[in-house]
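S.K.: pasting the sequence and the predicted model now:
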Amino acid sequence: MLGRATVGLLFLLLVWGNLVAGLKAGLACPDWPLCHGQILPPFRWDIYMEFLHRVIAGVTSVALVALAFRRYKRYDGAARAVPVLALFLLLAEVGMGGAVVLLETPVRLTTVHFMTGVMVFLLAFYMMIFDGERERPVFSLRGPAAVFFCLAALIYTQSALGAYVRHLDAGLACPDFPTCLGRWFPPFLDGSVLASYSHRVVGGLIFFTVLTLYLFIRRDARQRRNRSLALSLLALVVFQVAVGAVVVLSGLYFLATAVHLAVALGMLSVLAHLWANAVRAEGATLSLPPL
Ligand code: HEM
């Protein structure tokens, strides 16, 4: 229950953060940790968007700390690194959140802030699946588990690249879709066009990888229990490419970018389940070694 609540809160926090940025309300509270020098700031919609972002972050942090402590008690050996790392990254995230406001959002820092947030989400997901009581914490990079893990790493990297494009203000560097600047291969590749075009190319790569994976899983009788998850992943990728197109053609409409992020988190969640299923199938011998 606590695991699910924490993962749900982290999802909300990340998507809310995206909405705040999309509405250009990120600096509506110019100070930190107070907002306009007060605990409860004066009412204005953009101030409250950013203020609520901080409130959700506070509640989520408390839930994550509680979850990490609980799992630390139940886990043993190297598995304890998961709650410890989650707490460490949470601290880094809070520190960076403050720096992002005080340093007026430098691009690299906001991208690392985003990547750290998604990593905390994935660690919380692990703690949700492996509660240490009904399910022992296990880890494996063998067989299908390695494939799912690598694909998750690719989607994580693609998300980081997307965040970089966003924070570089390069979302419309290729203003058309599916072509970029009227061509399949853009006429020039300066920083913004390169970032934006690479994000599309990796998106295409992810689509073909997931399609191939789905076709393999469908044919393999041993993967029967993963068929519906693989189909959901394929559907999410197709939807994600369509939402990516809407993001561009709508001129970065804030709701479209928020949905784009939510779908990316959905893809990572499905992959986390696929990976966990594959790890379970490997059996207990692959549990983490003691420290
Ligand atoms: C298929 C895999 C894809 C994934 C996992 C993905 C994920 C993401 C993520 C996580 C972001 C950053 C959100 C944030 O900072 O909060 C982003 C940004 C972006 N993505 Fe994708 N994306 C994918 C494919 C595409 C495609 C095919 C396009 C097509 C044009 C696209 C267009 C964009 C644009 C324009 C941005 C920047 C939006 C902005 O400036 O606000 N994405 N993507």
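M.R.: Yep, it's here.

S.K.: how close does the residue nearest to Ser250 when sequence neighbours are not counted sit to the ligand?
M.R.: In space, and not counting its chain neighbours, Ser250 is closest to Ala256: 5.3 Å by Cβ to Cβ, 6 or more residues apart in numbering. C-beta here means a position set from N, CA and C on the backbone, and glycine is covered the same way. Going from Ala256 to the ligand by Cβ to the nearest ligand atom, to the nearest Å gives 8 Å.

S.K.: burial of Leu91, as a residue count?
M.R.: Residues lying near Leu91 (other Cβ atoms under 10 Å) number 10.

S.K.: for the helix or strand encompassing Val279, packing partners?
M.R.: Assigned by DSSP states H and E, Val279 falls within helix 254-282. In terms of contacts (3 or more Cβ pairs under 8 Å, 6 or more residues apart in numbering; DSSP states H and E), helix 254-282 is packed against helix 2-22, helix 107-129, helix 144-167, helix 227-249.

S.K.: make TSV out of those helices and add distance to the ligand, mean pLDDT and mean neighbour count.
M.R.: Below are those laid out as TSV (distance: least, Cβ to the nearest ligand atom, whole Å; pLDDT from 0 to 100; neighbours: other Cβ atoms under 10 Å):
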stretch	distance to the ligand	mean pLDDT	mean neighbour count
helix 2-22	4	94	19
helix 107-129	5	91	20
helix 144-167	2	96	19
helix 227-249	2	98	17
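
S.K.: can you check which of those gets nearest to His53?
M.R.: helix 2-22 (5.0 Å; Cβ to Cβ).

S.K.: could you dump the closest one to CSV, C-alpha only?
M.R.: Listed next in CSV are the C-alpha coordinates belonging to helix 2-22 (Å, rounded to 0.1, in the frame of the first residue of the first chain):
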residue,chain,number,x,y,z
LEU,A,2,2.7,2.5,1.0
GLY,A,3,4.8,1.4,-2.0
ARG,A,4,1.9,2.0,-4.4
ALA,A,5,1.0,5.4,-2.8
THR,A,6,4.7,6.5,-3.1
VAL,A,7,4.9,5.5,-6.7
GLY,A,8,1.6,7.3,-7.4
LEU,A,9,2.8,10.4,-5.6
LEU,A,10,6.1,10.4,-7.5
PHE,A,11,4.2,10.1,-10.8
LEU,A,12,2.0,13.0,-9.8
LEU,A,13,5.0,15.1,-8.7
LEU,A,14,6.9,14.6,-12.0
VAL,A,15,3.8,15.3,-14.2
TRP,A,16,2.9,18.3,-12.0
GLY,A,17,6.5,19.6,-12.3
ASN,A,18,6.2,19.4,-16.1
LEU,A,19,2.8,21.3,-16.1
VAL,A,20,4.4,24.0,-13.9
ALA,A,21,7.3,24.4,-16.3
GLY,A,22,4.9,24.2,-19.4
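
S.K.: and that helix, what other elements does it pack with?
M.R.: In terms of contacts (3+ Cβ pairs under 8 Å, 6+ apart), helix 2-22 is packed against helix 45-74, helix 107-129, helix 254-282.
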